[in-house]
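Asks: Provided below are the primary sequence and the corresponding predicted coordinates.
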Amino acid sequence: MHIAIAGNIGAGKTTLTELLAKHYKWTSHFESVDQNPYLDDFYSEMERWSFNLQVFFLNSRFRQLLELQKSGKNVIQDRTIYEDASIFAPNLHAMGLMTNRDFNNYSSLFELMGNLVSPPDLLIYLRGSIPKLVGQIHRRGREYENSISIDYLSRLNERYEAWITTYDKGKVLIIDVDNLNFVDNQEDLASVIERIDAQINGLF
């Protein structure tokens, strides 16, 4: 079984992935943020490094998905390959931070890769307001995220909302995180697990 968690920057994907992996005894897989050699450069000069950044994420996530499919294990994944292609790359292109040539090249790569991997059995979408996302970004204190603008986060949120309403590759569970605290409030975590149980019991 393959579960994936989607959501904007700061929505709590990594935290929830860790907590659910521990609860369900699932194998967890995380996006290669710290290993991405373009991330610091991207946030300081987006137009120059956007294509490089997105291709790195696309490559690493595609490789990860192939490994997940071969493993035969129950896995939970932090962020999906679809978010890169449906949200982040189109957003950079629309903002003029990725050229038409690079965007078309990227889209062609994704289309090829997308035909070779299976979608998750359940997609969990963490929906958060801008104040919630900003608060959690500041709290975790990643230096390279200091330059993320409210405008950038807002654009991503709009694209996430548009994407999730048309997602048709499998089951979707939408969780509003504005009033939830998975880490410090066990009741909040229990309520999320209860909702996930209701979904995955029909997957076996």
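Replies: Good, I have the coordinates. Numbers count the residues shown, from 1 in each chain.
Asks: Rounded mean pLDDT for stretch 93-102, please.
Replies: When pLDDT is averaged over stretch 93-102, the result is 96.
Asks: And the residue sitting nearest the centre point of the chain, how far from residue 123?
Replies: What sits nearest the mean C-alpha location of the chain, by Cα atoms, centre = their mean, is residue 79, with 2.7 Å. Look at residue 79 and residue 123: by Cβ to Cβ, to the nearest Å, they are 11 Å apart. In short, each C-beta sits where N, CA and C put it, glycine included.
Asks: shared neighbours, the two?
Replies: Residues touching both residue 79 and residue 123 (Cβ atoms under 8 Å, 6 or more residues apart in numbering): 4-6.
Asks: Going by distance to residue 61, which of the residues you listed wins?
Replies: Nearest to residue 61 among the shared contacts of residue 79 and residue 123 is residue 4, at 10.3 Å by Cβ to Cβ.
Asks: Tell me where this structure is predicted with low confidence.
Replies: 32-34, 141, 143-147, 203-204 (pLDDT under 70).
Asks: sorry, back to before: name all residues that make contact with the residue nearest to the centre of the chain.
Replies: Going by Cβ under 8 Å, 6+ apart, residue 79 touches 4-7, 13, 31, 61.
Asks: now do 7 Å
Replies: 6, 13, 31 (Cβ atoms under 7 Å, 6 or more residues apart in numbering).
Asks: Including neighbour count, secondary structure and distance to residue 156, could those go into TSV?
Replies: What follows is these, written out as TSV (neighbours: other Cβ atoms under 10 Å; DSSP: H, G, I helix; E, B strand; the rest coil; distance: Cβ to Cβ, whole Å):
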residue	neighbour count	secondary structure	distance to residue 156
6	26	strand	12
13	25	helix	13
31	20	coil	15
